[in-house]
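> prediction below, plus the sequence it came from.
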Amino acid sequence: MKDINLMLDTDLVKFLKRKKLLNSKNEVLIKCKYCDTSVTVDQIQFMIPGDNNIIQVVCSNPICINEFLNVGRTKC
Ligand SMILES: [Zn+2]
């Protein structure tokens, strides 16, 4: 797992812009991997870099965070 989720918010914004995942209103164009809800930069808890430059995000919903952490654990 890369340390992208540890980036500062400003770096996160820059990163998302570079990936064209942020529109001019600073709205994130990708949805939470688990609940499929639109997220803002503030709500992103984790970013999951995948294959083919696909980035997935996990929102601040505790259910989604739990799910993400549990998935990570079972994979290890
Ligand atoms: Zn979610």
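Arrived safely, thanks for sending.

> and the helix or strand residue 68 falls within, what's buried?
Using DSSP states H and E, residue 68 falls within helix 62-75. With burial defined by 16 or more other Cβ atoms under 10 Å, the residues of helix 62-75 counted as buried are 64, 67-68. Yep, even glycine has a C-beta here, placed from its N, CA and C like the rest.

> equivalent analysis for stretch 30-37, please.
30, 32-34.

> give the contact list for the residue nearest the centre of the chain.
Geometric centre of the chain, nearest residue: residue 57, 2.3 Å, by Cα atoms, centre = their mean. Neighbouring residues of residue 57 by Cβ atoms under 8 Å, 6 or more residues apart in numbering: 28, 30-33, 39, 44-48.

> rerun that using 7 Å as the cut-off
28, 30, 32-33, 39, 44, 46-47 (Cβ atoms under 7 Å, 6 or more residues apart in numbering).

> contacts for the worst-scoring helix or strand of the chain on mean pLDDT next, please.
None of the helices or strands of the chain scores lower by mean pLDDT, DSSP states H and E than helix 62-75, at a mean of 82. Residues outside helix 62-75 that contact it (Cβ under 7 Å, 6+ apart) are 32, 34-35, 45-46, 58.

> around the ion, which positions in this protein sit nearby?
32, 34-35, 59, 61, 64 (Cβ under 5 Å from the ion).

> out of those residues, which one sits closest to residue 10?
Checking these against residue 10 with Cβ to Cβ, the nearest one is residue 59 at 19.8 Å.

> over to that closest one: give its phi and psi.
phi -80, psi -180 (degrees, to the nearest 10).

> what bridges to the spatially closest residue to it that is not a sequence neighbour?
Spatially, and ignoring its direct neighbours in sequence, residue 59 is nearest to residue 32 (3.9 Å; Cβ to Cβ, 6 or more residues apart in numbering). Bridge pairing for residue 32 (DSSP bridges) gives the partners residue 57.
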